[in-house]
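Enquirer: Structure, please.
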Amino acid sequence: MKIIISESQYNLLYESNFEKNKRLVGKMWDKGMNLGEISSLIGLDESQIILLLKDKNIKIDCKFAEDLVLTLMYRTDFINKNYNFNDGQMFLNLNLGGYSESVAFEFNDKEYKLTGWATPYWGGNCDTPVEGNYFENKKTDEYVNEYGNSDKKIEYTPSSFNSIQELIDFLNKDYPKQLIKPIKELIEDYI
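Expert: Okay, here's the model as predicted:
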């Protein structure tokens, strides 16, 4: 018995599982499902769903970026969390920040240590506030362990992206570099 199949059906036989999953997840997304719904329906975790959607043309505004930032930073390996600047003279580490589900940072150089928060799109806003909560002068062993509301921000937080990959690129390249200036301003304030 012979079976006649169309060219598109023939091509589907050789399409990889990745491509099939990518197409399926893309269709589910286009129908209005969110990451959690897609994950529960097809049994892939959110990091796998993001991998399948990251290059898809998706309009991401500041509110949606707020939702994605913590997922990208703490449920995927797409975001680098450790940086060094000035040939290893300054170190920046990003991690999950306590109870408020925020992005915490720890900055170290040979003279100072500063910890605080710097969550992109905090509150769905198109900016990145930077606050300190612990400062240590390594030369004098003096420290300040209190939260300070500083009104510091990074210089530029984009108001939109056209894909998850564009947001990933911002978080890996621009965001950590831009954190250095307000961190240095906070250090001056503590001194």
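
Enquirer: Output the longest helix along the chain as PDB - backbone C-alpha positions only.
Expert: In the chain, with assignment by DSSP state H, the single longest helix is helix 175-190. Extracted in PDB, the C-alpha atoms of helix 175-190 (Å, rounded to 0.1, in the frame of the first residue of the first chain):
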ATOM      1  CA  TYR A 175      22.800  47.000  32.300                       C
ATOM      2  CA  PRO A 176      25.900  45.900  34.200                       C
ATOM      3  CA  LYS A 177      28.100  48.600  32.600                       C
ATOM      4  CA  GLN A 178      25.600  51.300  33.400                       C
ATOM      5  CA  LEU A 179      25.400  50.100  37.100                       C
ATOM      6  CA  ILE A 180      28.900  51.300  37.800                       C
ATOM      7  CA  LYS A 181      28.200  55.000  37.600                       C
ATOM      8  CA  PRO A 182      25.400  55.100  40.200                       C
ATOM      9  CA  ILE A 183      27.300  52.600  42.400                       C
ATOM     10  CA  LYS A 184      30.300  55.000  42.400                       C
ATOM     11  CA  GLU A 185      27.900  57.900  43.200                       C
ATOM     12  CA  LEU A 186      26.500  55.900  46.100                       C
ATOM     13  CA  ILE A 187      30.000  55.100  47.400                       C
ATOM     14  CA  GLU A 188      30.800  58.900  47.300                       C
ATOM     15  CA  ASP A 189      27.600  59.500  49.300                       C
ATOM     16  CA  TYR A 190      28.600  56.900  51.900                       C
END
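
Enquirer: Tell me the buried residues in that helix?
Expert: Residues of helix 175-190 classed as buried under the neighbour-count rule (16 or more other C-beta atoms under 10 Å) are Tyr175, Pro176, Gln178, Leu179, Ile180, Pro182, Ile183, Leu186, Ile187, Tyr190. Placement of C-beta: from N, CA and C, glycine included.

Enquirer: Would you quantify the distance from Asn137 to Ile4?
Expert: Asn137 sits 79 Å away from Ile4, going by C-beta to C-beta, to the nearest Å.

Enquirer: more crowded one of these two?
Expert: Asn137 (15 against 5; other C-beta atoms under 10 Å).
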